[in-house]
Each structure stands twice: as structure tokens, then as C-alpha cells.
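Peer 1: Got a predicted structure here, sequence first:
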Amino acid sequence: MNVYTTDKIRNVVLLGHSGAGKTSLVESMAYLAGITTRMGKIEDGNTISDFGKEEQKRQISISTSVIPIEWNDVKINVLDTPGYFDFIGEVEEAISAADAAIIVVSGKAGVEAGTERAWELCEKYKLPRMIYVTGMDADNASFKTVVETLTEMYGKKIAPFHFPIRENEKFVGYINVISENANRWEGNQVVDCDVPDYSQGNLALYKETLMEAVAETSEEFMERYFSGDTFSEMEIRSALRVNIDDGAIVPITMGSNTLCQGTYALLDDIVKYLPSPENKEIAGFNMKTNEVFEANYDFAKVKSAYVFKTIVDPFIGKYSLIKVCSGVFKSDDVIYNKDKDVDEKISKLYILRGGKPMEVQELHAGDIGAIAKLTAARTGNTLSTKANIIEYGKFEISTPYTFMRYKVPDKANIDKVAQALQKLTHEDQTLKVVSDTENGQTLLYGIGEQQLEIIQSRLLNEYKCEIVLSKPKIAFRETIMKTSDVEHKYKKQSGGHGQYGHVKMRFSPSGDLEKGYVFEQEVVGGTVPKNFFPAVEKGLQEAVQKGPLAAYPVVGVKGVLYDGSSHSVDSSEMAFKKATIQAFKKGFMEAGPVLLEPIMSLKVTVPDAYTGDVMGDLNKRRGRVLGMNVAGKEKQMIEADIPMMELQGYGTVLRSITGGRGDFSYEFARYEQAPNNIQEAEVTARASKVAADDE
């Protein structure tokens, strides 16, 4: 592939609901650009974008792929992203490298949850965008419905560029709203034709919509519009170029991916209207001068880049995908990774076309490429030189809240699984491995359950090691609600010196659930010598590690040693420790033992229409709704306290209730007494563990 300068580059991310047609649109683009001689199909598993084995098996996009397309002497780096919400981390990585977006909408399904999410992401990251409606060859596709829905949702900035000509339920051509010209497909050729009479009404409607969008961009245009003046084609196109860039106008066009119709016009519009990196700003920090470094994709400045995605694949190897922020990267350059404090040499530079690496000699500022086998590099790292150490801010990645426990059935594979998971976490920033030593379990965190299931499948198929996913243990606690007064005498005689320890203790709630225990002594007259007080506390310290109710850690207990006895020969620290442990077990069970469950502070953000259903579901889950706050246009944030055990699978349920439009987050709040039925179930389930501790 040729080397492209900054002004000849477009970095475009495809966003939209799963199944809207993003991957098939890439196939159509690649075919028109001459990259392929025939278009691949998702169902055949031979598309350029979905090159992963899991993607081909499941027929969905799982990771972002980059497809560079040469069009009219311009390089369009198309970033094809997954539509499933479980893979939002992949979308966020792609957005960090994009300069504009195309929101892909199915003409058949219309505006979906993924469409709304895509729009919200573009708003959040201030991305210029176009909307492309696919499937215009389908019988029940409706471009008009999509335009009306989007206009109702987002206002007059929605500006139709083209709309379809349909005859006998077939997609036969399109009308250019700006020039008011019609085109018809005849075989592989596009020929001019007259605007059909039945399309005149829609043309007038869409032209008016476009004129309104243009008029909204300046006071001068607004005055001319209201005075009945018309805008020339040159004025319209000039206004579009400026106002698409700042998001004031969002063009909407359409086509058929499978028939490769409409894609040609889309590629032309990407080149004409979407910004090159030279028109974008980006700044880092120069660690040498302690000054802001205005990179701004200037090829004349010192070289710098950031790693926006990592691919660690057993089949194609490791690649660090970079976006060059300044300067020119070349083969054999030595780069410095500030985050890892290491120099690494670039042996070769690549661009990736899906899973196929292609070597290039240079990457100019604003371009996207890949470097193979950078040992230390991780997603989010900045690459520069030691003479000019630059650091860019880390881009935002969604926090994973869904988690499952995993076990390795074959103990011989424990290290192999750990290494494979480490590689997968380098690839996927929303995947976390957490060791829960308290409950003796290892947890796998992700955005959703499907993501974790795919990780399980990838481990088996790509890394040849197996894990079993299951429901995680909940970190319950035990405490007491009453007081007790007990004694225990530990005596053991086995020839020679025996063992003797005798304690009388009171146990009561300490009122502090942050601490396991509070120890005090009120011994009078030396019935228990002072030198054994530490042994008594040590026994208490050991006893609260696993409570006698259900073998969970104990919190909030006050133990007071007030009497006892000792033997001048047989008493020892070990004897008093053991006496204390047994006294604690007896005293704890006599003092109204209860199980405490972790309570989480939950925030759920949903559209207004779903608040009732979501709150109803929270009530079923023993949640306590604390209130609601406005969280944006027609959205509410519901705040609630909810037991942690009730959050298992909540992400899937929330998506089902809200059609994928709900988000949630939580953090630990406190411990509260568990209901009797839950306590009884846990005590029964954990009886064997309690018995084992008694032995």
C-alpha cells in the first residue's frame, strides 16, 4: 500500500446495533475499492472484518478490526466495531483512534438501542458523524421512517443526502437531494434519469429538511431562509463541509450492502465531507520540558503515537495498533515507551487489513498502523523518543461489573490458563482477573455474561486449556446480636507436663462491623496471669477467621476476659489460646448469631419509559430504591441499595427490560443482616465446612 500524508487520510469508525450491517458494509467498500474480487458473507465466515474463529462460529463481530481502503487517492481507515454491548471496550478503543463516525442503521429494523448508544458516544467524544441506512433492497425497508425517527429524536441537524427510488418493491436507484438529480442502476453502471413523479413529494420534503439543517448553521443563512431565498449547490456543499465537522449537521444516506449499491456515493462523501486528522487537535505532555505538547497530527513535529488496541493471537501473533499523533514513524526507528520505561526497536511497520498484516515503510501523523512484537507495550501506552518523552492521557474504558467464578478442572493447566488469560486481558481492557483469597475463588470480570462465555470458548479453542464458569461465592459475614457469658477449660494430660487453660469470657456486639473483634480484660486477683492475655487475644483473633455459624469471617464482636484459672506447671500459651477458641464458639452461638450480607450502592441509568419496570425488578431483588435524579435528556438515574447476591445476572436482565438502553454501576456500601431464609440456606450449605473446623 502507498504511503499517505495526513491530509489524505480519513479515520472512520462504524457504529451501530448488532446486525445493522456494519461488517457487510465493509465488504461492499472493499469490493468496490478492488481489495476483493467477490464479497464475503457473514454466514459463510469469509468476511475481511470477522477473521477470528469465534466471530466466524458465532456470526457476530467480537473485536474491532481495521480495514484500510484506498479511494480517490485517499486512505480511509475503516474501524469495524462490534454491535453487542458486551464488547463496548472494543468500541471505545476504536473511537479513541477515529476522527469521524458512520452510524449504520438497518432500514428494516429502524432505529434501535445500538443506534442510540452510537449517537451518545459520538456526542460524548464530539465525533463528526454520518448515518448510513442499509438493506434498502429489503421489501419492508423504510428510509423515510428512519429519517422521521432520527429527526424526532435529534432535531433539524439530520440532513438527507440521498433517498431511494423503488419500483415494484425493488431498489432501483437513488436521488441526490443536494443536486436534485436522479440515478438508476443498470447492471454495474449508474446512469442519469429523471426524478420519478412519485418521488417528487419526497424530494421536496427532504430538500426542505436539508435546507433547514443548513439554515440552522448561521444567522445569515437563517435570515435568507426565512426571507424565501434559496441556497446554491456550492453554498450548500460549503456549509456542509464546515458544519458536519462540528456536528451541527448530520448527513443521512442509504444503500444496499449485498447489492453493493449506494456504497460508491458513501465512499465519495467520506472523502468529501469527513475531516482528515490535519483538521483535528490532540495534545500530550512533554515530560522533558514539563509543557503541553501540541501534537495536532503535525508530521513536522517530533514523533509520538499511542497504542489504542492490542491483538494477542495464537495464530497471527502480537500486534500493537497505533495512531500516529505527530511526526513520521519508520521501520528501524527506536521508540521509547514512557509507561514501561523501555526502549524498543521497530523492526517492521504494518497496516492490518482485518487479520492480514501488510508491511509499509512509513506511517505519517494521523495514520493508523501496527507494530509487531513490542514486548512491553500495552493498550493506552504512549510511544515517543527518549530525546522527547511525550505522554498522552489514557482514554476511557467502561468498568466491568459482571463477574463469574472460574475453576481449572485440570490442575496441570493452572499456569497455562493464567498465561492465556493474561494475554486476553492485554487484548480486552474490560476483562479483569481478580483473586478473592477470602472466599478461595478466582473471579473473571467482564461487561456481560456473553463476553465471559466467549473468553471460556477462546481459551479452549485457541489456547487449548479449559475453565469452568460458575456462580461466585458471596462474601458473607457473621456477627452476634445479644450477649453471652461462657467459660471453657482446656485440659490435656499425656505424660509429663499436661496442658491447662481456663477462661471465663463475656461476648457482646462491639458496634463496629469494620473490625473482626475488640478484646478487653477485667481479670482481678491474677486468676489468669498477665502473660497469658496475649494468648487469649491470639485465640480470639484466630477464632474470628471462620465463624461457628457458617464458617464465614466474624465481625463486630467484643470479647471480655474477666476470670479463669491457671496451673503453675501445665498452663501454656497454646492451652489458653485453645480454651479461648472453644469459649468463643460456644459464646458466639449463645449470643444470637446472625449472617450479614454485603449491600451494594447501585446506580441504574435508564430512559424515562423504563423506570417503573426497573424499579419493580429491583423490588423483587430485595432492592431499596432511594431516589431518582435526571441523568440527561429523557433519562433517569435510579439509586438503590441492593444485596450483592441479587446482582448476579443483573446486566442481562436490565438489557432485556430496557431493550439494551440501560446502564448500571455499583460499589460496596455496608453489611446488613440477611433474611432468615437466606441465613438458613447458607448455614445448611456450609454445615460441612463448620464441621471440618470443629475437628
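Peer 2: Good, I have the coordinates. Quick caveat: nothing in here was measured; it's all calculated off a predicted structure.

Peer 1: Run a quick neighbour tally on Asn181.
Peer 2: For Asn181, the neighbour count with other CB atoms under 10 Å is 13. Where C-beta positions appear, they are placed from N, C-alpha and C, glycine not excepted.

Peer 1: Chain neighbours aside, what residue packs nearest to it?
Peer 2: Excluding the flanking residues, the one nearest Asn181 by CB to CB, 6 or more residues apart in numbering is Asp192, at 6.5 Å.

Peer 1: what is the one you found paired to in the beta sheet?
Peer 2: Beta-bridge pairing for Asp192 (DSSP bridges): Asn183.

Peer 1: quick one: pLDDT of it?
Peer 2: Per-residue pLDDT puts Asp192 at 91.

Peer 1: And for Leu210?
Peer 2: Per-residue confidence (pLDDT) for Leu210: 86.

Peer 1: So it sits against Pro160, correct?
Peer 2: Yes. Between Leu210 and Pro160 there is a contact under CB atoms under 8 Å: 6.0 Å.

Peer 1: OK, contacts around the residue nearest to Asn181?
Peer 2: Asp192 makes contacts with Asn181, Ala182, Asn183, Arg184, as judged by CB atoms under 8 Å, 6 or more residues apart in numbering.

Peer 1: Which one's more surrounded, Leu210 and Pro160?
Peer 2: Applying other CB under 10 Å to Leu210 and Pro160 shows that Pro160 carries more neighbours, namely 29 against 23.

Peer 1: who does that one bridge with?
Peer 2: Ile252.

Peer 1: surely it meets Ala204?
Peer 2: No. Using CB under 8 Å, Pro160 makes no contact with Ala204, being 11.7 Å away.

Peer 1: So for the helix ranked longest in the chain, mean pLDDT?
Peer 2: When the chain is parsed with DSSP state H, its longest helix is helix 573-590. Per-residue pLDDT over helix 573-590 has a mean of 95.

Peer 1: Please enumerate the shared neighbours of Leu210 and Pro160.
Peer 2: With CB under 8 Å, 6+ apart, Leu210 and Pro160 have common neighbours Val177.

Peer 1: which residues in the stretch 501-650 of the chain form helices?
Peer 2: 533-543, 573-590, 611-620, 650-658 (DSSP state H, counting those that start in this stretch).

Peer 1: between the ones you listed, which gets nearest to Phe85?
Peer 2: helix 650-658 (6.6 Å; CB to CB).

Peer 1: by contact count, what packs against that closest one?
Peer 2: strand 593-607, helix 611-620, strand 663-673 (3 or more CB pairs under 8 Å, 6 or more residues apart in numbering; DSSP states H and E).

Peer 1: most tightly surrounded among these?
Peer 2: Comparing those by mean neighbour count (mean count of other CB atoms under 10 Å), strand 593-607 ranks first with a mean of 21.

Peer 1: Pairing partners for that one, with directions?
Peer 2: strand 477-480 (antiparallel), strand 635-643 (antiparallel), strand 663-673 (antiparallel).

Peer 1: would you list those strands in a markdown table and tack on mean pLDDT?
Peer 2: Shown next, in a markdown table, are these (pLDDT from 0 to 100):
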| stretch | mean pLDDT |
| --- | --- |
| strand 477-480 | 96 |
| strand 635-643 | 96 |
| strand 663-673 | 95 |
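
Peer 1: Distance to Ser568 for these - can I get that in JSON lines?
Peer 2: Formatted as JSON lines, the strands paired with strand 593-607 follow (distance: least, CB to CB, whole Å):
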{"stretch": "strand 477-480", "distance to Ser568": "35"}
{"stretch": "strand 635-643", "distance to Ser568": "53"}
{"stretch": "strand 663-673", "distance to Ser568": "44"}
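
Peer 1: which one of those strands lies closest to Cys465?
Peer 2: Among these, if distance is taken as CB to CB, the winner is strand 663-673, at 31.3 Å.

Peer 1: in the following helix or strand past the closest one, what counts as buried?
Peer 2: Using DSSP states H and E, the helix or strand that follows strand 663-673 towards the C-terminus is helix 676-685. For helix 676-685, the neighbour count (16 or more other CB atoms under 10 Å) marks Ile678, Gln679, Glu682, Val683 as buried.

Peer 1: what helices or strands is helix 676-685 leaning on?
Peer 2: Using 3+ CB pairs under 8 Å, 6+ apart: helix 676-685 touches strand 593-607.

Peer 1: pLDDT (mean, whole number) over the strand it packs on?
Peer 2: Strand 593-607 comes out at a mean pLDDT of 96.

Peer 1: tell me the angle of that strand relative to helix 611-620?
Peer 2: 170 degrees (axes from the mean of the first three to the mean of the last three CA atoms, to 10 degrees).

Peer 1: Mind exporting the C-alpha coordinates of strand 593-607 to CSV?
Peer 2: Extracted in CSV, the C-alpha atoms of strand 593-607 (Å, rounded to 0.1, in the frame of the first residue of the first chain):
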residue,chain,number,x,y,z
PRO,A,593,-25.6,-15.3,65.9
VAL,A,594,-26.7,-13.8,62.5
LEU,A,595,-25.4,-13.8,59.0
LEU,A,596,-24.6,-10.5,57.4
GLU,A,597,-24.7,-10.0,53.6
PRO,A,598,-22.9,-7.3,51.6
ILE,A,599,-25.1,-4.5,50.4
MET,A,600,-24.2,-2.5,47.3
SER,A,601,-24.9,1.0,46.4
LEU,A,602,-26.4,0.7,42.9
LYS,A,603,-27.0,3.3,40.2
VAL,A,604,-29.1,2.4,37.2
THR,A,605,-29.4,4.9,34.3
VAL,A,606,-32.4,4.2,32.0
PRO,A,607,-34.8,6.1,29.7
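
Peer 1: Next, the angle helix 676-685 makes with it.
Peer 2: 120 degrees.

Peer 1: Strand 593-607: how far from the chain's middle?
Peer 2: 22 Å (CA atoms, centre = their mean, to the nearest Å).

Peer 1: begin at 7 from here
Peer 2: With the count now opening at 7, the last piece we talked about shows up as strand 599-613.

Peer 1: Now the two most distant members of the buried residues of helix 682-691.
Peer 2: Maximum pairwise distance in these, criterion CB to CB, is 9.6 Å, between Ile684 and Val689.

Peer 1: Ser112 is nearest to which of the helices of the stretch 507-656 of the chain?
Peer 2: Closest among those, once you apply CB to CB, is helix 656-664, at 18.6 Å.

Peer 1: In a markdown table, list the buried residues of helix 682-691 along with pLDDT and distance to Val318.
Peer 2: Below are the buried residues of helix 682-691 laid out as a markdown table (pLDDT from 0 to 100; distance: CB to CB, whole Å):
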| residue | pLDDT | distance to Val318 |
| --- | --- | --- |
| Ile684 | 94 | 42 |
| Gln685 | 95 | 45 |
| Glu688 | 92 | 40 |
| Val689 | 93 | 45 |
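
Peer 1: any idea how far Phe232 is from Glu225?
Peer 2: 11 Å (CB to CB, to the nearest Å).

Peer 1: distance between the lowest-mean-pLDDT helix or strand in the chain and the chain's centre?
Peer 2: Taking mean pLDDT, DSSP states H and E as the measure, the chain has helix 693-700 as its least confident helix or strand, at a mean of 75. Put simply, helix 693-700 sits 41 Å off its chain's centre (CA atoms, centre = their mean).

Peer 1: circling back: to Ser390, which of the helices and strands packed on helix 656-664 lies closest?
Peer 2: strand 669-679 (34.2 Å).

Peer 1: Tabulate the CA atom coordinates of the closest one in PDB.
Peer 2: Only the C-alpha atoms of strand 669-679 are listed here, as PDB (Å, rounded to 0.1, in the frame of the first residue of the first chain):
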ATOM      1  CA  ASP A 669     -26.600   1.000  32.200                       C
ATOM      2  CA  PHE A 670     -25.600   0.200  35.800                       C
ATOM      3  CA  SER A 671     -22.800   0.600  38.200                       C
ATOM      4  CA  TYR A 672     -22.300  -0.300  41.900                       C
ATOM      5  CA  GLU A 673     -19.900  -0.100  44.800                       C
ATOM      6  CA  PHE A 674     -19.800  -1.700  48.200                       C
ATOM      7  CA  ALA A 675     -21.800   0.200  50.800                       C
ATOM      8  CA  ARG A 676     -22.000  -1.900  54.000                       C
ATOM      9  CA  TYR A 677     -23.100  -5.200  55.600                       C
ATOM     10  CA  GLU A 678     -26.700  -5.800  56.800                       C
ATOM     11  CA  GLN A 679     -28.400  -8.800  58.500                       C
END
